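# predicted coordinates and the sequence they were generated for:
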Amino acid sequence: MTAKSDLPGGDAPDVLTEVRGQVGFITLNRPKALNALSLGMIRALTECLQVWRDDPAVKAVAIRGTNKAGPFGAFCAGGDIRFFHQAALVGNPELEDFFTEEYALNHLIHTYAKPYIAFMDGIVMGGGMGISQGAKIRIVTERTRMAMPETNIGLFPDVGGGYFLSRCPGRIGEWLALAGEMMGAGEALAFGLADACLDVSQLAPAWDALASTDFARPDAIESWLAMHSIAAPAYFTGARSQIDHYFALPSVVDIVRELEADTDEWAQQTAAILRKRSPLMLHVVLEQIRRARTMSLADDLRMERDMVRHCFHTRHLGRSASQSETVEGIRALAVDKDHTPRWNPARIEDVTPAMVAPFFCSPWTPRSHPLRELT
């Protein structure tokens, strides 16, 4: 575990931890990277949560991020995709460790025996969702910008994304997973991806008040939350009926074809967004969400661990790691930044079932699976 530091940045660790009162406090402290998770950060988070789980003096855990000016302002932008790109190209075995340990951490948070409170202020994407969606209390603010945008980089909504997105109302899960749309506080609350809203001005007081909260009281968290939270911002349903209609269609081809045939502005914009995503991964993701809807969290994480292995080891497509959709997507978005990924296949209509099915075949036996111990 790392020591407390009053200010972010500098030589301070990327994960700051301290215990005050009956609460273990975690601050993600990699503001220049929007607190993107490294393998070292995943290990630090896992270690402190395991220690506090077994410490009777710690009754609850709270987690937040930092921005360049100080605490809050950004939660976590996801995993370190530049590391993914470089590790895949050189065959760094730490890439395998990253996903195994990240998914195990996600499971630990979802099953944590003590209240875990996530302050989801600012950017919350990908891996940031993985370390917050399992929280007992998921707090959003007017600055929250939440998304699972992985299809934009030729990946899929992992970190338990299949599990928590598939449990959103109606077909919201398919829409969020395929299109990677950004949500604010109102949408997050309406879709069941957040529990309470705080005004930005109340973040620091609420954080500090946890240290003096008496968790022997059965209503301790509820009383604390009632004192600091505000009414949920309005969410205008807008295209909800269209989402439930189009994203219930049998296939990605059907979804895009019918969206493009609709002259409505929302439908046209949504079709255009999907046309920019990885065609192959759109097909994979639709299958993922629909399978996950009836899976336990542990089984979903094992499935996603299989899938991510295939994203970087695309032998069933006859490709090297450097030719995978994920490496190409990260290259276009974050490395060369030309924003012109060369997807293969290039068209949604050219993806075949034979390209999709192997993503759901485990490369491990049940006894050798890296996440076999999750229950």
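On my side now, so go ahead. Given the structure is predicted, the values throughout are model-derived calculations rather than measurements.

# what helix or strand does the closest residue to residue 370 other than its chain neighbours sit in?
Sequence neighbours aside, residue 100 is the residue nearest to residue 370 in space, at 4.3 Å (criterion: C-beta to C-beta, 6 or more residues apart in numbering). Where you see a C-beta, it was placed from the backbone N, CA and C, and this is true even at glycine. In the assignment (DSSP states H and E), residue 100 maps to helix 94-110.

# buried stuff in that helix?
95-96, 98-110 (16 or more other C-beta atoms under 10 Å).

# which among those residues gets closest to residue 291?
Nearest to residue 291 among these: residue 103, at 16.2 Å, using C-beta to C-beta.

# can you pull the contacts of the closest residue to the closest one other than its chain neighbours?
Closest residue in space to residue 103, ignoring its immediate chain neighbours: residue 301 at 4.6 Å, by C-beta to C-beta, 6+ apart. Taking C-beta atoms under 8 Å, 6 or more residues apart in numbering as the criterion, residue 301 is in contact with 103, 106-107, 160, 163, 371, 374.

# give me that answer again for 10 Å
99-100, 102-104, 106-107, 110, 130, 158-160, 162-163, 292, 295, 371, 374 (C-beta atoms under 10 Å, 6 or more residues apart in numbering).

# and the residue lying closest to residue 14 once chain neighbours are set aside, how many neighbours?
In space, and not counting its chain neighbours, residue 14 is closest to residue 30: 4.5 Å by C-beta to C-beta, 6+ apart. Per other C-beta atoms under 10 Å, the neighbour tally for residue 30 reads 24.

# isn't residue 30 up against residue 38?
Yes - with contact defined as C-beta atoms under 10 Å, residue 30 reaches residue 38; the gap is 7.5 Å.

# residues that sit against both of these two, list them.
With C-beta under 10 Å, 6+ apart, residue 30 and residue 38 have common neighbours 14-15, 80.

# TSV for those, including pLDDT and distance to residue 136?
Below are the shared contacts of residue 30 and residue 38 laid out as TSV (pLDDT from 0 to 100; distance: C-beta to C-beta, whole Å):
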residue	pLDDT	distance to residue 136
14	97	25
15	98	20
80	94	27
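
# switch those over to TSV; also include distance to residue 239.
Shown next, in TSV, are these (distance: C-beta to C-beta, whole Å):
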residue	distance to residue 239
14	39
15	39
80	33
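
# most neighbours among those, please name it.
Neighbour max across the shared contacts of residue 30 and residue 38 (other C-beta under 10 Å) = residue 15, 24 neighbours.

# quick one, phi/psi of that one?
phi -130, psi 120 (degrees, to the nearest 10).

# surely it is in contact with residue 39?
No - Residue 15 lies out of contact with residue 39 (C-beta under 10 Å); the separation is 11.8 Å.

# secondary structure element for the residue nearest to residue 103?
Per DSSP H and E: helix 297-312 holds residue 301.

# and the angle from that helix to helix 94-110?
160 degrees (axes from the mean of the first three to the mean of the last three C-alpha atoms, to 10 degrees).

# so which elements touch the helix or strand following helix 297-312?
Later in the chain than helix 297-312, the nearest helix or strand by DSSP H and E is helix 325-330. Contact partners of helix 325-330 among helices and strands, from 3 or more C-beta pairs under 10 Å, 6 or more residues apart in numbering; DSSP states H and E: helix 81-90, helix 279-292, helix 297-312.

# for the helix or strand following helix 325-330, packing partners?
As assigned by DSSP H and E, the chain's next helix or strand after helix 325-330 is helix 353-356. Packing contacts for helix 353-356, counted by 3+ C-beta pairs under 10 Å, 6+ apart, involve helix 279-292.

# give me the pLDDT for residue 289.
On the pLDDT scale, residue 289 is placed at 98.

# wait, it sits on residue 176?
Yes - using C-beta under 10 Å, residue 289 makes contact with residue 176 at a distance of 9.0 Å.

# avg pLDDT for the helix holding residue 301?
97.

# list the buried residues of it.
So, applying 16+ other C-beta under 10 Å, buried residues of helix 297-312: 297-312.

# equivalent analysis for stretch 325-333, please.
325-333.

# mind listing what the nearest residue to residue 92 once chain neighbours are set aside touches?
Closest residue in space to residue 92, ignoring its immediate chain neighbours: residue 86 at 7.3 Å, by C-beta to C-beta, 6+ apart. Neighbour list for residue 86: 80, 92, 95, 327, 330, 335 [criterion: C-beta under 10 Å, 6+ apart].

# what confidence value was assigned to residue 86?
So, for residue 86, pLDDT stands at 95.

# how far away is it from residue 153?
14 Å (C-beta to C-beta, to the nearest Å).

# go on, residue 236?
Counting by C-beta to C-beta, the gap from residue 236 to residue 153 is 29 Å.

# between these two, which is the more surrounded one?
Between residue 236 and residue 153, counted using other C-beta under 10 Å, residue 153 has the larger neighbour count: 27 against 9.
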